[in-house]
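# What would the 3D arrangement of this be:
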Amino acid sequence: MILDLKEIYADTKAYLNKEVTVQGWIRNHRKQKEFGFIDFSDGTTFTHLQIVYDNKLANFDEITKLHIGSAISVTGILIPSPKEGQELEMQCKELTLEGDCDEDYPIQPKRHTREFLRDNAYLRPRTNLFNATFRVRSVAAYAIHKYFQERGYVYFHAPLITASDCEGAGEMFQVTTLDLDRIAKSGEVDYSKDFFGKQTSLTVSGQLEAETWALAYKKTYTFGPTFRAENSNTKTHANEFWMIEPEIAFCDLDQDMDIMEDMLKYVVKYVLDNCPLEIDFFDAFVEKGLKEKLTKLISSKFTRIDHEEVIKILKEADVKWEFPPEYGEDIAKEHEKYITEYFNGPVFIKNWPKDIKAFYMKQNADGKTVAAVDLEVPGAGELMGGSQREEDYDKLVSRMHELGMNTDELDWYLNLRRYGGCVHSGFGMGFERLLIYLTGVENIRDVIPYYRTPNNCDY
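Numbering: from 1, shown residues only. Down below sits the predicted model:
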């Protein structure tokens, strides 16, 4: 019978001393005069299988010549392994080459730099680091859907092409079918002749559209790609990334924070429970103490504190800041780190200065702040951001005018306040930021299959 390694390792006693067939790839090959060892992987589990063959096989000489990376089918007996730390090995009875691998195969059994593997991104899932990383990505994605689906949320597919700039920062990739060479010569752009009859871009957020679903289904969430035309080359920025954005009707800021905390703890626990081998690998080779960090988060008390109080704590701290904290301003990475250490756990920073936050956020009674929140977690800094949305039509229009925004272009969004609006809130979490936290792999380029950053658009 043909089995996946995942099936075999799920119940090793059931298959011990049984003849089975496995199909996968050679990860390493050690040959000796009368026998050889193949390090075999089929991608279904992080654990490999050692295959032992000897010169009693009719095609022994051909097997000794097999290259690393080749695809093979192997039939043999699963026996206890004498090698420490290895439950089973297979005594080969028959081996068939399914697909040879050229000798210039880049992924050899040695330590490769992450930069080298980025240049060979189509092959990097075959290495231990990236095999583990992208399995965690898959499991975490499932956990997110599972969390929301089990709680009655409707999954909303936000449009990728949009005419609205949710964040108002203008860092959007334009979508056009206009003749750019002609425009360059004439200097004139007539968007009425473009494909959609207006200026359109790739979305930076599905939030505004998701709010329309929340006011019909009560609870909704997006989970999909978003885009930022930001010329940044930091470890935590990419031009294409995935976002999770729930929107909930009849939900204020405190309830919003409850959901943020509950969802994060659920996803972290699910990954710990379902990727134990991968987490152990990361803990040993990527970030020492990762498992303890994640386990601690699940039982942590999440502190809730106003932005103004955070600035007060930072100002009174006996620290020489690279970027001195100021009331009314954003906080830096060094501040995020300090405040999570100060409270020894995750921290919700809420009620932010109005002037540094987006137009759609609920204006507080003080006229200076909005009902916004950022979640800071130890070792990663900001992981999520959310807010209660402004449900008052007149206040929202007034705020848009303050910022010089065109209300006509967002009349549909404003109408949500006229047509049965209510208190509602939501938040956003960058999926790759979460994966950096879950794996300890600190560069966003290494937690997304094919990264898109300035001057990088391969594959």
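
# Any regions of this structure where pLDDT drops low?
167-170 (pLDDT under 70).

# Let me see the ranges of the helices in the stretch 51-200 of the chain.
Using DSSP state H, counting those that start in this stretch, the helices assigned to the stretch 51-200 of the chain run over residues 60-64, 114-119, 128-150, 180-186.

# between those, which gets nearest to residue 14?
Closest of these to residue 14 is helix 128-150, at 23.6 Å (criterion: C-beta to C-beta). Using the backbone N, CA and C atoms, a C-beta is placed for each residue, glycine as well.

# so which of the helices of the stretch 51-200 of the chain is the most packed in?
Of all the helices of the stretch 51-200 of the chain, helix 128-150 carries the top mean neighbour count, a mean of 18, counting by mean count of other C-beta atoms under 10 Å.

# packing partners for that one?
In terms of contacts (3 or more C-beta pairs under 8 Å, 6 or more residues apart in numbering; DSSP states H and E), helix 128-150 is packed against helix 114-119, strand 154-155, strand 219-227, helix 253-274, helix 276-285, helix 431-439.

# Deepest-packed of the ones you listed, please.
helix 431-439 (a mean of 24).

# What lies in contact with that one?
Helix 431-439 has contacts (C-beta atoms under 8 Å, 6 or more residues apart in numbering) with 132-133, 136-137, 140-141, 144, 223, 236, 238, 241-244, 267-268, 271, 278, 282, 286-287, 290, 294, 377, 379-380, 382-383, 441-444, 447-448.

# residue contacts, residue 287?
293, 439, 440.

# Swap in 7 Å and give it another go.
Taking C-beta atoms under 7 Å, 6 or more residues apart in numbering as the criterion, residue 287 is in contact with residue 440.

# In which helix or strand does it reside?
For residue 287, there is no enclosing helix or strand under DSSP states H and E.

# Tell me how many other residues crowd residue 384.
Residue 384 has 23 neighbouring residues, counting by other C-beta atoms under 10 Å.

# gap between it and residue 337?
As judged by C-beta to C-beta, to the nearest Å, residue 384 and residue 337 stand 17 Å apart.

# go on, residue 373?
Applying C-beta to C-beta, the value for residue 373 to residue 337 is 18 Å.

# quick one: which of the two has more around it?
Just comparing residue 373 and residue 337: by other C-beta under 10 Å the higher neighbour count belongs to residue 373, 25 against 15.

# Quick one: closest of the helices of the stretch 51-200 of the chain to residue 261.
helix 128-150 (12.1 Å).

# what's that closest one in contact with?
46, 117, 124-125, 221, 223, 244, 246, 263, 266-267, 270-271, 274-275, 278, 281-282, 434-435, 438-439, 441, 446-447, 449.

# ok, now stretch 335-349?
Residues outside stretch 335-349 that contact it (C-beta under 7 Å, 6+ apart): 257, 297, 300-305, 307, 310, 313-314, 317, 319, 325, 373-378, 381-382.

# Which members of the residues you listed are classed as buried?
In the contacts of stretch 335-349, burial by neighbour count holds for 257, 297, 300, 302-305, 307, 310, 314, 325, 373-378, 381-382, counting by 16 or more other C-beta atoms under 10 Å.

# count of neighbours near residue 20?
Residue crowding around residue 20 was assessed by other C-beta under 10 Å; the count is 16.

# Figure out the helix or strand that it lives in.
Per DSSP H and E: residue 20 is located in strand 19-31.

# and that strand, what does it pack onto?
On a contact count with 3 or more C-beta pairs under 7 Å, 6 or more residues apart in numbering; DSSP states H and E, strand 19-31 meets strand 35-41, strand 71-80.

# And these: which comes nearest residue 18?
strand 71-80 (6.0 Å).

# Just the ones in strands from the buried ones among the contacts of stretch 335-349, please.
In strands, defined here by DSSP state E, the members of the buried ones among the contacts of stretch 335-349 are 303, 304, 305, 373, 374, 375, 376, 377, 381, 382.

# Redo the residues you listed as CSV? Include distance to residue 409.
Shown next, in CSV, are those (distance: C-beta to C-beta, whole Å):
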residue, distance to residue 409
303, 39
304, 35
305, 36
373, 27
374, 28
375, 31
376, 34
377, 36
381, 34
382, 29
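
# Between those, which sits nearest residue 421?
residue 373 (21.0 Å).

# beta partners of the closest one?
The bridge-partner assignment for residue 373, based on DSSP bridges, gives residue 350, residue 386.

# What distance do you get for it to residue 296?
Taking C-beta to C-beta, one finds residue 373 at 22 Å from residue 296.

# do the same with residue 59
Per C-beta to C-beta, residue 59 is found 53 Å from residue 296.

# Then residue 262?
Shown here: residue 262 relative to residue 296, a distance of 17 Å by C-beta to C-beta.

# same check, this time on residue 456
Separation of residue 456 from residue 296 (C-beta to C-beta) stands at 35 Å.

# what sits up against stretch 218-230?
Here stretch 218-230 makes contact (C-beta under 7 Å, 6+ apart) with 144-145, 148, 152-158, 160, 171-173, 202-206, 210, 213-214, 237, 239-249.

# And it, how far out from the chain middle?
12 Å (C-alpha atoms, centre = their mean, to the nearest Å).

# Please apply the same query to stretch 95-109.
Worked out by C-alpha atoms, centre = their mean, stretch 95-109 lies 31 Å from the chain centre.

# Ends of that stretch, what's the gap?
This stretch, stretch 95-109, spans 21 Å end to end (C-alpha to C-alpha, to the nearest Å).

# Could you give me the buried positions within it?
The neighbour-count check on stretch 95-109 (16+ other C-beta under 10 Å) flags 95, 97, 101, 107 as buried.
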